[in-house]
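Enquirer: Next comes the sequence, and after it the predicted model I'd like to discuss.
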Amino acid sequence: MVLGPGPCRPPRERARRPARQRGHRNAARAGRGGGRMSAPGPDSPRVLAPPPLIVGGFFVAGYGLDRLFPGAIGLPVWPWAGGALILAGGGLGLWMIVTFLRARTAIEPWKPASALVTGGPFRLSRNPAYVGLALVHAGAALWLGAPFALLAIAPALATLHCKVVLREEAYLERRFGAAYSAYRKRVRRWL
């Protein structure tokens, strides 16, 4: 499946006016932090939602269909294969977190990046966290014998691609310029 620029385009950058000029009803609080999470600024990829929430949401929806229509699609329970995938995905995620902590940059994709991380699992994939999430998703579906949950990986990855990965890549290109372009040419997006 090739996901081109069509509906998956990252959002265009717009000049943002201060909250007071936009007529924001909480303009006074917006300048002081106001206690609420603020909208992502220009130094952010502006992802749709936290990636684990996206993948988890699709898993829950698929598993819900499995519970509503038990046996509609036959898939045996494969706990050993499922467990192996869960461990592999979790290990990849843990390796990614340790690599980010060593680089002293934000792990969360909605926060500004202070460093371009190209070591550790990022030598193998530009998106090891999302590969890890997909492995955990597939492993849990196999462990539970949940075919709809297994099929839900496709829309989960398409949503991650369109609403997270492309936005992150556009942001990293703006933020790190030639260094990110060179990294992008060296390392594949997924595997």
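Expert: Looks like it came in fine.
Enquirer: Tell me the pLDDT of the residue most central in space within the chain.
Expert: Nearest residue to the geometric centre of the chain (C-alpha atoms, centre = their mean): P51, 3.5 Å. pLDDT recorded at P51 is 97.
Enquirer: For the nearest residue to it once chain neighbours are set aside, give its distance to R186.
Expert: In this structure, P51 finds its nearest non-sequential neighbour in V164, 5.5 Å apart by C-beta to C-beta, 6 or more residues apart in numbering. Just so you know, the C-beta spots here come from the backbone N, C-alpha and C atoms, and that holds for glycine as well. Separation of V164 from R186 (C-beta to C-beta, to the nearest Å): 21 Å.
Enquirer: who's in contact with the residue nearest to A81 when sequence neighbours are not counted?
Expert: Counting by C-beta to C-beta, 6+ apart, A81 lies nearest to L142, which is 5.2 Å off, once chain neighbours are set aside. By C-beta atoms under 8 Å, 6 or more residues apart in numbering, L142 lies in contact with 75, 77-79, 81-82, 85, 150.
Enquirer: which of those count as buried?
Expert: 75, 78, 82, 85, 150 (16 or more other C-beta atoms under 10 Å).
Enquirer: Pull the residues that contact the helix or strand where F59 lies.
Expert: Using DSSP states H and E, F59 maps to helix 51-68. If you take C-beta under 8 Å, 6+ apart as the criterion, helix 51-68 is touched by 48, 109, 129-130, 133-134, 136-137, 140-141, 144, 146-153, 155-156, 159-160, 163-164.
Enquirer: ok, so of the buried ones among the contacts of L142, who is nearest M96?
Expert: Closest approach between those and M96, by C-beta to C-beta: L85, at 16.4 Å.
Enquirer: Average pLDDT for the helix ranked longest in the chain, rounded please.
Expert: Taking DSSP state H as the criterion, the chain has its longest helix at helix 79-103. Mean pLDDT, computed over helix 79-103, is 97.
Enquirer: okay, the angle between that helix and helix 51-68?
Expert: Relative orientation of helix 79-103 versus helix 51-68 (axes from the mean of the first three to the mean of the last three C-alpha atoms, to 10 degrees): 170 degrees.
Enquirer: distance between whichever helix or strand comes after helix 79-103 and the chain's centre?
Expert: Counting by DSSP H and E, the next helix or strand C-terminal to helix 79-103 is helix 128-144. The chain centre lies 13 Å from the centre of helix 128-144; the measure is C-alpha atoms, centre = their mean, to the nearest Å.
Enquirer: What of stretch 56-68?
Expert: For stretch 56-68, the distance to the chain centre is 19 Å (C-alpha atoms, centre = their mean).
Enquirer: Go through it and flag the buried ones.
Expert: Buried residues in stretch 56-68, counting neighbours by 16+ other C-beta under 10 Å, are found at 56, 58-59, 62-63, 65-66.
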